[in-house]
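Trainee: sequence first, predicted model second:
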2 protein chains.
Amino acid sequence: VDFQSIIATRRDGGMHSREELDALAQAAARGDVPDYQLSAWLMAAYLNPLTPQETAWLTLAMAESGDRLDLTGLPRPWVDKHSTGGVGDKTTLVLLPLLAACGLTSVKMSGRGLGITGGTIDKLASIPGFRTDLSPAEMKEQAARFGLALTGQTPALAPADKALYALRDATATVASVPLIVSSVLSKKIAGGAEKIVLDVKAGSGAFMKTLDDARRLALALRETADLAGIDVRIAITDMDQPLGRMVGNALEVREAIHVLAEARGGRFADLCLELAGLTLEAADLAQSREEGADQARAALESGAALAKAKLWFEAQGADPSLLDDASALPEAEVVVAFLNPGSEGCVQRVDAQIVGEVVVALGGGRMRKEDEIDPAVGVECLVAVGDAVVGGQPLLRVHARSEEQAAIAVERLRSAVTVVSEPVDARPLVFEIL
Amino acid sequence: VDFQSIIATRRDGGMHSREELDALAQAAARGDVPDYQLSAWLMAAYLNPLTPQETAWLTLAMAESGDRLDLTGLPRPWVDKHSTGGVGDKTTLVLLPLLAACGLTSVKMSGRGLGITGGTIDKLASIPGFRTDLSPAEMKEQAARFGLALTGQTPALAPADKALYALRDATATVASVPLIVSSVLSKKIAGGAEKIVLDVKAGSGAFMKTLDDARRLALALRETADLAGIDVRIAITDMDQPLGRMVGNALEVREAIHVLAEARGGRFADLCLELAGLTLEAADLAQSREEGADQARAALESGAALAKAKLWFEAQGADPSLLDDASALPEAEVVVAFLNPGSEGCVQRVDAQIVGEVVVALGGGRMRKEDEIDPAVGVECLVAVGDAVVGGQPLLRVHARSEEQAAIAVERLRSAVTVVSEPVDARPLVFEIL
């Protein structure tokens, strides 16, 4: 394969053949092409973006570059779910048991977090005993038995994506919509998905900071999925303020358990129900999203979702009684509140990016892949946009390892919340469904 | 240093600071930045070309990234010379003794050939005993004694250029004018040059295939040199047909010796005199190019240039009697002529690119850096554009290792020469002087 010529085609804005993209993906997967050629191609692809057809070919080529999960023979319809990532996004922890309770099968692979974006695997890793290294056979057995399995990403799936992804941060080529799209979809296809519900986040805590950018990504995901023959449903949802109350790994598990056990929980629970409705409709288990959301609410209120979560925790090695009493989860030693320094008013802004950065700085996230995570630390958001507050009221609460780290975090959080004197509307939760 | 941010600046078409380019060059020279980041930057620089000011800063940064040759204290004016490379370009072998005979000092570093572009060092390596690994002290001693020294490029000079240059072929980023300019000039500046005569080749055997492209490169060289404080004179010369009669390493040495010994030799000798005139004018040893060319012709005809060449050969380890009798140079075993397959007419075209490719295929050049060269093989061009020919007349002569290779070469050379019935003008030798 002549990689110089493949690079030159991209450089000159030409059209790749399917064979070229297959060759690129195969070579990237096997390490048969040096990183410096991949990164030259990535920069050329950043500046001369792949067409939708090329993106679909690359997606399929990367999906086929390694093992593929064979999910044939599962008893019930199944749908995969993916979020583009945000601050406080623990949706998967609630959504999977909820969907299983509604008759759906979920076999999901999740990633670790990087930067301000948390990873589901890190959240689960804060639960004592929870295994995230299931074999394909274990996943299928679990899914067949009670409709639900979640594991970490295996390097054997879509290894070409792994190779490209590893280079993109260092080469300033992350923010390319076609490259993002092919990375997201190739992993899902390699994981056996045929239907995918995508939660595209928009706002300060998301990769796409504006609704326009998020819409652009959503449309590209839709177009590429159509060309690749994958059925996707896409929700564009708010990530300008953190999702729900908790940000930080064990804190988010607590919040998810609270929603499952108490069947309530504000914006976070609402988003879980919205996404469940969309998923159930996609799986033909509901006539409409509204009907699907009603089914999900019923499964939450009846305790059916909680029961699935207990089976799940037990099957993957954790103590199911944690779902009744979460006190065995890690807790930070120091908890300090940040009080409203002004007078009464209305919350206009809780900046998800700043909250996310503070959690990383507290040790709750990674700046680099090799960083260790402290599962106990994080930030609690006691108010949301639109809430009325009085002077001196706690707005946020920092969970830290030490008084010193807590003080630094509180100082940085000053810029995260804006309180104004006039009334403010609550932010929409779901901007659009595609 | 944040290389991601330097890459992102180039990616977005921003302006680098001098400090950024210094940091890039230093890191490239020391191996402190991974190849995949350099190649992402190179592709970004290909697609968002450096401005002239950035090119000048990069040139100086690369020149300063390693050792610099200190030429202070040389007794006479000196000028460096560089050709952008072509097929049959053995000019340096004649020009250096010629300039030394005219009172100039030349201390030159030359490269090895790659692709159809021959390298002066490979040509000299075909001379038994000729050393091309002089130390800086040896170069200065030789230059002081008789005005002339030539050696291979040392990796200690402009190592940043070496690092970038090594990546450019594999990453399809060779054809960027600012990158070419900074590579050419940085090596010259690191080699101590303050005045440089540049021979920019235009035509099928050159990197720049058209006069427009060659002019673009020439203007960029001029603009960057001005900003970097280097005095350059630029000739744009023909490389659509091979330069002179011989192409191939020992064959070209023979032709150079012939010109020095016989003081004549057609287009090749003419170009040597033109460039010598330009150089002598640049060095203030002549009032005009014409006067300089006259001085050079006199030095050739008097035998003064031949005498300098004998001192040169002897000083660098070769037998100076080769200049009187070149029979000790390697000779190919098989010599086969390619005869005019048509009837009488006029030569319209001798394609330098095809001739160059045939010489590489015969073993006289390198496709990859690690290839071995056969010094004896090559192609003799018995006609030039504008020459009248008759049917069956020898047009080219192949010097090969075997009958089989010669036959393949002759077959490929069929497409290299076009003979037409109408008269054809000879091609200009020098298109422009800047």
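Mentor: Done, it's in. Just so it is clear, the structure is predicted and the values come from calculations on it, not from any experiment. Numbers count the residues shown, from 1 in each chain, chains lettered A, B, ... in the order given.

Trainee: and the worst-scoring helix or strand of chain A on mean pLDDT, what does it pack against?
Mentor: Every helix and strand in chain A was compared by mean pLDDT, DSSP states H and E; the lowest is strand A:106-110, with a mean of 87. When contacts are defined as 3 or more Cβ pairs under 8 Å, 6 or more residues apart in numbering or on different chains; DSSP states H and E, strand A:106-110 packs onto strand A:80-83, helix A:91-101, helix A:120-125, helix A:136-146, strand A:148-152. Any C-beta I mention is one placed from the backbone N, CA and C, and that applies to glycine too.

Trainee: so which of these gets nearest A:Asp70?
Mentor: A:Asp70 sits nearest to helix A:136-146 of all the helices and strands packed on strand A:106-110, at 7.4 Å, using Cβ to Cβ.

Trainee: rounded mean pLDDT for the closest one, please.
Mentor: Computed over helix A:136-146, the mean pLDDT rounds to 91.

Trainee: same deal with stretch A:47-55?
Mentor: Per-residue pLDDT values across stretch A:47-55 average out to 97.

Trainee: list the pairing partners of the least confident helix or strand of chain A within its sheet, with orientation.
Mentor: Partner strands and pairing direction for strand A:106-110 (DSSP bridges) are strand A:148-152 (parallel).

Trainee: kindly export the partner strand (C-alpha atoms) in PDB.
Mentor: Included here for strand A:148-152 are C-alpha records, laid out as PDB according to Å, rounded to 0.1, in the frame of the first residue of the first chain:
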ATOM      1  CA  LEU A 148     -28.000  -6.100  30.700                       C
ATOM      2  CA  ALA A 149     -24.200  -6.100  30.600                       C
ATOM      3  CA  LEU A 150     -21.600  -3.400  30.600                       C
ATOM      4  CA  THR A 151     -17.800  -3.700  30.200                       C
ATOM      5  CA  GLY A 152     -14.700  -1.700  29.400                       C
END
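
Trainee: next SSE downstream of that strand?
Mentor: Tracing the chain past strand A:148-152, the next element assigned as helix or strand by DSSP states H and E is helix A:159-168.

Trainee: do stretch A:50-67 and chain B meet?
Mentor: No: under the criterion of Cβ under 8 Å from any Cβ of the partner chain, chain B is not reached by stretch A:50-67; the shortest gap measures 14.9 Å.

Trainee: could you pull up the residues touching the residue of the stretch 201-350 of chain A found nearest chain B?
Mentor: Residue nearest to chain B within the stretch 201-350 of chain A: A:Phe207 (15.3 Å; Cβ to the nearest Cβ). Taking Cβ atoms under 8 Å, 6 or more residues apart in numbering or on different chains, we find A:Phe207 in contact with A:84-85, A:117, A:175, A:180, A:201.

Trainee: nearest to B:Ala426, of these?
Mentor: Out of the contacts of A:Phe207, the member with the shortest distance to B:Ala426 (by Cβ to Cβ) is A:Ala175, at 55.8 Å.

Trainee: tell me the secondary structure for that closest one?
Mentor: coil (DSSP: H, G, I helix; E, B strand; the rest coil).

Trainee: show me the contacts for it.
Mentor: A:Ala175 sits in contact with A:46, A:207, where contact means Cβ under 8 Å, 6+ apart.

Trainee: reformat the helices and strands packed on strand A:106-110 as TSV; add distance to B:Leu93 and mean neighbour count.
Mentor: Putting the helices and strands packed on strand A:106-110 into TSV (distance: least, Cβ to Cβ, whole Å; neighbours: other Cβ atoms under 10 Å in any protein chain shown) gives the following:
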stretch	distance to B:Leu93	mean neighbour count
strand A:80-83	66	24
helix A:91-101	72	27
helix A:120-125	66	23
helix A:136-146	68	17
strand A:148-152	65	23
